[in-house]
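Trainee: From the sequence below, what's the structure:
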Amino acid sequence: MKKIILDTNFLMIPLQFNIDIFSEIDRVCVFKYQLLIIDKTIDELEKISGSAKRRYRLAAKIALQLIKKKKIKKIKTKDGKVDDLILEALGKDDVLATQDALLRKRAVEKGANVIFLRNKSHLVLA
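Mentor: Residues are numbered from 1 along each chain as shown. A predicted model of the protein is given here:
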């Protein structure tokens, strides 16, 4: 079973682009997987939901609700930059779901696959 680690900005796609990321992940992943986040993702979403522009606040609040509803497991991490912690938790055969181009590039260099939004309409696994 592969791990799919969801990044903060990826979890905000449902409100920003009106896309069901979970059914899209099912569509592009023809293998068994487990959805995960790192614990610092929750912190980022809570920070965004309390202080960002209205649109982002709402997207972050919905992302927090989706994490609970879908019972997405958390990976405990130490202190550090969120992107670095994600890459630490990411194994060679794992998948990273993100919209961050630099993080995507670093994950690919590490040998991992990535899921990202293409044309603001659908997810792609690369």
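Trainee: what's the longest helix in this protein?
Mentor: In the chain, taking DSSP state H as the definition, the longest helix is helix 54-69.
Trainee: got a list of contacts for that helix?
Mentor: 8, 11-12, 14-16, 22, 37, 42, 45-46, 48-52, 72 (CB atoms under 8 Å, 6 or more residues apart in numbering). No exception for glycine: its C-beta is placed from N, CA and C like everyone else's.
Trainee: Buried residues of that helix, list them for me.
Mentor: 56, 58-64, 66-67 (16 or more other CB atoms under 10 Å).
Trainee: next one: it to chain centre, how far?
Mentor: Relative to its parent chain, helix 54-69 has a centroid offset of 13 Å by CA atoms, centre = their mean, to the nearest Å.
Trainee: quick one: average confidence on it?
Mentor: Taken as a whole, helix 54-69 has a mean pLDDT of 93.
Trainee: I'd like the next helix or strand past that helix.
Mentor: With elements assigned by DSSP states H and E, the helix or strand that comes after helix 54-69 is strand 73-75.
Trainee: mind listing what that following strand pairs with, with the direction of each?
Mentor: strand 33-38 (parallel) (DSSP bridges).
Trainee: tell me the angle of the strand it pairs with relative to helix 54-69?
Mentor: With axes from the mean of the first three to the mean of the last three CA atoms, to 10 degrees applied, the angle from strand 33-38 to helix 54-69 works out at 120 degrees.
Trainee: Offset the numbering so it begins at 29, please.
Mentor: Taking 29 as the first residue, the last one we looked at is strand 61-66.
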